[in-house]
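S.K.: pasting the structure only:
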């Protein structure tokens, strides 16, 4: 089982790395980080803050775009190329192994991407701050939270990919990302309603992914520490939510007729 | 040269030519739309809406808005503008997106407070902005410091200035002389001696070249205020005793009220016009409140570019 999962994951990673669009995005992200150094110089007194905000936002947004555009094609591409049936029928690969392997492969791709972008980002921080200090460890926390975002959005893109076309999957994934950033507001709105509306609103607000809590970019830009408890809770939340989304993906995929 | 290389060269040259042509066209378009960046338009006036639209990346958006503030202020300032219509809303937007962005409060309040064309001439808005900053960052003693300056120098309200310095002095890590300033302003509100004490402290507590130059200028102006008051007292004394105005400084020297013709800190002789003491070149002393020619109000003179109130520890 582990061998099959690893094989699918590495194959997905290799496919993604071969994809030229991916390289372009990394290059573009690095360019954005580089330009932030320049941008910082025209923003009176806030060079470092601009650099951190721009650099981390670029890493986050580019990763999310990559996650969605590759994630939505993971299943549908295999169906289109008719390689999926061969894979599932000719080899002893179970459907849940296929979904999980694809998920792990894309997460691996995004992690490598994020690490490459982070190297460029820290180089720029070093350039602006003339070195790195203890306080810069908070930046690592922000990058870790960005990786957690990638894990969730990859799982969601994969979920949509199991039952929808790539175009609609991408629309759904971007929409759920946008709604997820309003999760805290939705919970706030639900308190203002009453009766069934309140329950429905409240339920919906807990059902959407809580992306808002994973964005600490502004906070770390001001050298404000992230609570260790938040790191722990966010990690556990992402693992649980991702497991739920992957379960739903496998459930839908198991019922799908691929012939 | 092979045919393939020839084709490649032609494509390369064509591409370079087209890109150059497009760059030239962009420059032309920029010339036609030269006033576009100055447009007094906010596009989205609600900070709450902009914050929602940022999808959580509000820090970056705040930086973009702050850069727009700096560019807007700089462009208007260079054009000697009399009005800065969207400066306050832009600052409100910036600080709503990132309430921890201290430079937006510190520099933004200076941009707002200074008289046109140096700034928007809206010290009340500046005070409001800094108060908002204090509410969001109660541990930043520099904001109380900025607020004290706005009340003292721009709004001429020493009582509120004393209150701001006093509140700031209670913040851990605050500059020690914040407490002294609070007491001095409360006891001797508006006195020249208090001002001299304050600016001397600033001068002694900073290495910033620009701030030191500004402090020295302020001290020179305060010296003028002090000397004009002293000279005017002597002139009034002469007028009272002789029941006529003195014809010049010589009469005050011959009556032992002065030792020599008085000179201002820049070395020019003070003028005695119709019994009034005034400076020879008001433009050299942009912050004086006494010794100005008739009809000229304090702060009217184009001089140095306002004050920059940033203390160093």
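M.R.: Looks like it came in fine. Predicted, not measured: the structure shown is a model, and the values here were computed from it.

S.K.: how about the strands of the stretch 201-313 of chain B, start to end?
M.R.: With strands called from DSSP state E, counting those that start in this stretch, the stretch 201-313 of chain B shows them at B:271-273, B:276-278.

S.K.: Out of those, which is the most enclosed?
M.R.: For the strands of the stretch 201-313 of chain B, the largest average neighbour count (mean count of other Cβ atoms under 10 Å in any protein chain shown) is found in strand B:276-278, namely a mean of 19. From N, CA and C alone the C-beta is placed, and that goes for glycine too.

S.K.: ok, residues contacting it?
M.R.: With contacts defined as Cβ atoms under 8 Å, 6 or more residues apart in numbering or on different chains, strand B:276-278 is touched by B:228, B:231-232, B:235, B:270-271, B:291-294.

S.K.: Please state the mean pLDDT value computed over it.
M.R.: Mean pLDDT, computed over strand B:276-278, is 93.

S.K.: Run through the residues of the stretch 151-259 of chain A sitting next to chain B.
M.R.: A:177-178, A:181-182, A:185, A:211-212, A:215, A:217-218, A:221-222, A:224 (Cβ under 8 Å from any Cβ of the partner chain).

S.K.: Return the members of those residues classed as buried.
M.R.: A:177, A:181-182, A:211-212, A:215, A:217-218, A:221-222 (16 or more other Cβ atoms under 10 Å in any protein chain shown).

S.K.: Please see if the helix or strand hosting residue A:128 touches chain B.
M.R.: Here residue A:128, judged by DSSP states H and E, is contained in helix A:95-129. No: residues of helix A:95-129 are not located near chain B by Cβ under 8 Å from any Cβ, the shortest gap being 13.4 Å.

S.K.: now for that helix, which elements pack on it?
M.R.: When contacts are defined as 3 or more Cβ pairs under 8 Å, 6 or more residues apart in numbering or on different chains; DSSP states H and E, helix A:95-129 sits against helix A:2-18, helix A:20-41, helix A:47-71, helix A:73-80, helix A:83-90, helix A:137-161, helix A:228-255.

S.K.: relative to helix A:73-80, how tilted is it?
M.R.: Angle between the axes of helix A:95-129 and helix A:73-80 is 140 degrees (criterion: axes from the mean of the first three to the mean of the last three Cα atoms, to 10 degrees).

S.K.: and the strands of the stretch 201-313 of chain B as TSV, adding distance to residue B:3?
M.R.: Formatted as TSV, those follow (distance: least, Cβ to Cβ, whole Å):
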stretch	distance to residue B:3
strand B:271-273	87
strand B:276-278	87
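
S.K.: Please name whichever of those is nearest to residue A:253.
M.R.: Residue A:253 lies closest, by Cβ to Cβ, to one member of the strands of the stretch 201-313 of chain B: strand B:276-278, at 90.2 Å.

S.K.: Pick out the residue in the stretch 1-150 of chain B sitting closest to chain A.
M.R.: residue B:59 (3.2 Å; Cβ to the nearest Cβ).

S.K.: Quick one: distance of the helix or strand hosting that residue to the chain centre.
M.R.: Counting by DSSP H and E, the element that carries residue B:59 is helix B:58-78. Distance, stretch centre to chain centre, for helix B:58-78: 17 Å (Cα atoms, centre = their mean, to the nearest Å).

S.K.: likewise stretch A:125-138?
M.R.: 25 Å.

S.K.: about what we covered before: moving C-terminal of the helix holding residue B:59, what's the next helix or strand?
M.R.: Helix B:58-78 is succeeded, C-terminally, by helix B:87-97 (DSSP H and E).

S.K.: Mind giving me the packing neighbours of the very next helix or strand once past that next one?
M.R.: Using DSSP H and E, the helix or strand that follows helix B:87-97 in sequence is helix B:102-113. Where contact means 3+ Cβ pairs under 8 Å, 6+ apart, helix B:102-113 is packed against helix B:58-78, helix B:87-97, helix B:123-136, helix B:141-149.

S.K.: buried ones in helix B:102-113?
M.R.: B:102-113.

S.K.: ditto for stretch A:131-146
M.R.: Buried residues in stretch A:131-146 (16+ other Cβ under 10 Å): A:136, A:138-139, A:141-146.

S.K.: interface residues of chain B facing chain A?
M.R.: So far as Cβ under 8 Å from any Cβ goes, chain B lies against chain A at B:52, B:55-60, B:62-63, B:66-67, B:70-71, B:98, B:100-101, B:103, B:106-107.

S.K.: are any of those buried, and which?
M.R.: B:55-60, B:62-63, B:66-67, B:70, B:98, B:100-101, B:103, B:106-107.

S.K.: what kind of secondary structure is the nearest residue to the residue of the stretch 1-150 of chain B closest to chain A once chain neighbours are set aside in?
M.R.: Nearest-residue entry for residue B:59: residue A:218, 3.2 Å, with adjacent residues in sequence omitted and distances by Cβ to Cβ, 6 or more residues apart in numbering or on different chains. Following DSSP: H, G, I helix; E, B strand; the rest coil, residue A:218 is assigned to helix.

S.K.: Can you pull out the low-pLDDT segments for the stretch 1-150 of chain A?
M.R.: By pLDDT under 70, the low-scoring segments of the stretch 1-150 of chain A are A:20-22, A:24-25, A:28, A:31-33, A:36-37, A:39-44, A:82-91.

S.K.: re earlier: nearest to chain A among the contacts of strand B:276-278?
M.R.: Nearest member of those to chain A, counting by Cβ to the nearest Cβ, is residue B:292, at 33.2 Å.

S.K.: For the stretch 151-259 of chain A, give me the ranges with low pLDDT.
M.R.: By pLDDT under 70, the weakly predicted segments of the stretch 151-259 of chain A are A:257-259.

S.K.: Pull out the buried residues from the helix holding residue A:128.
M.R.: Residues of helix A:95-129 classed as buried: A:95-110, A:113-114, A:117-118, A:120-122, A:124-125, A:128 (neighbour count, 16+ other Cβ under 10 Å).

S.K.: Kindly present the helices and strands packed on helix B:102-113 as JSON lines, with separate columns for mean pLDDT.
M.R.: What follows is the helices and strands packed on helix B:102-113, written out as JSON lines (pLDDT from 0 to 100):
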{"stretch": "helix B:58-78", "mean pLDDT": "86"}
{"stretch": "helix B:87-97", "mean pLDDT": "91"}
{"stretch": "helix B:123-136", "mean pLDDT": "94"}
{"stretch": "helix B:141-149", "mean pLDDT": "91"}
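
S.K.: And for residue A:200, the neighbour number?
M.R.: The tally of other residues near residue A:200 (other Cβ atoms under 10 Å in any protein chain shown) stands at 12.

S.K.: mind listing what residue A:182 touches?
M.R.: Contacts of residue A:182 (Cβ under 8 Å, 6+ apart): A:212, B:52.

S.K.: For it, grab phi and psi.
M.R.: phi -100, psi 10 (degrees, to the nearest 10).

S.K.: Pull up the gap between it and residue A:216, please.
M.R.: Residue A:182 sits 17 Å away from residue A:216, going by Cβ to Cβ, to the nearest Å.
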